[in-house]
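S.K.: fold the following for me, if possible:
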Amino acid sequence: MLEYKGVKIYWLGHSSFKLKDGLTIYIDPFRLEGGELADLVLVTHEHFDHFSPEDIRKVSDRHTVLVMPKECMGKLKGMEFEEVRYVLPGDKVSVRGVEIEAVPAYNVNKFRSPGVVFHPKEDGKVGYILTFKGVRIYHMGDTDFIPEMKGLKVDVALVPVSGTYVMTPEEAAEAVKEIKPELAIPMHYGSIVGSGEDAERFAELAGLRVEILKRSDP
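M.R.: A predicted model of the protein is given here:
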């Protein structure tokens, strides 16, 4: 766990995080052993390692607010929530005092077959910029270094670094050099693909403060 300006940031493995500052917020909960009840759950896209109804159920009740891209619509079977907000890249919503901006997340050079990327832009997959208590935290989702990142102003960037489906450590370093957050935290390694060596390589190249978090219990 790391605390940044009063916000507690827990890495739960892979691309999953818990944020706490009054509210309890989960992003892409995956392979959790349980956990405290969420006020807010955000999902970046529909792939099983990011959109896991089983894990959402572990930390939610009907009062938990969900924010998900529209590609996830209709895929939460057997679960009822008072509020589910579906977003597209560029949408901005406010939930319980948290300002949430959905930003594009897609591949430009990671291919599942010739000419077909793993995360196509047209699917509407997202990352999120959350603003609460004056802190802006950017969870990039599954993405390459894309033009839409230019000009973003954030304090903390949660950055995929494992390659294969997302940025390599070298590409991730170039991305944060463009965005210039005060703090970067590597993610998307150690579970499906990638290792701690990718996180360490990113930290060597980033040119700014990087914290490699140990996996926390939820």
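S.K.: show me the contacts for the spatially most central residue of the chain.
M.R.: In the chain, the C-alpha nearest the mean C-alpha coordinate belongs to H139, at 3.6 Å (CA atoms, centre = their mean). H139 makes contact with S15, F17, I27, D28, L42, T44, G127, Y128, L130, L158, according to CB atoms under 8 Å, 6 or more residues apart in numbering. Glycine gets a C-beta too; all of them are placed from N, C-alpha and C.
S.K.: if I look at the residue in the chain sticking out farthest from the centre, what pLDDT would I see?
M.R.: Here the chain reaches farthest from its C-alpha mean at P114, the gap being 27.1 Å by CA atoms, centre = their mean. Listed pLDDT for P114 reads 94.
S.K.: kindly report the same for the one 10 residues further on.
M.R.: You'll see G124 listed with a pLDDT of 96.
S.K.: with the one 4 residues further on instead?
M.R.: pLDDT, the model's per-residue confidence, is 98 for Y128.
S.K.: gap between E200 and F81?
M.R.: The gap separating E200 from F81 is 39 Å, by CB to CB, to the nearest Å.
S.K.: what is the burial count for E211?
M.R.: Residues lying near E211 (other CB atoms under 10 Å) number 15.
S.K.: shouldn't it be in contact with I185?
M.R.: Yes. Between E211 and I185 a contact is recorded at 5.5 Å, counting by CB atoms under 8 Å.
S.K.: between the two, which contacts overlap?
M.R.: L2.
S.K.: low-confidence ranges, this structure, go.
M.R.: Along the chain, no part satisfies pLDDT under 70.
S.K.: let's see that with 80 instead.
M.R.: Across the chain, the ranges flagged by pLDDT under 80 are 78, 217-218.
S.K.: would you verify that I192 is located in a helix?
M.R.: No. Under DSSP: H, G, I helix; E, B strand; the rest coil, I192 falls outside any helix and is assigned coil.
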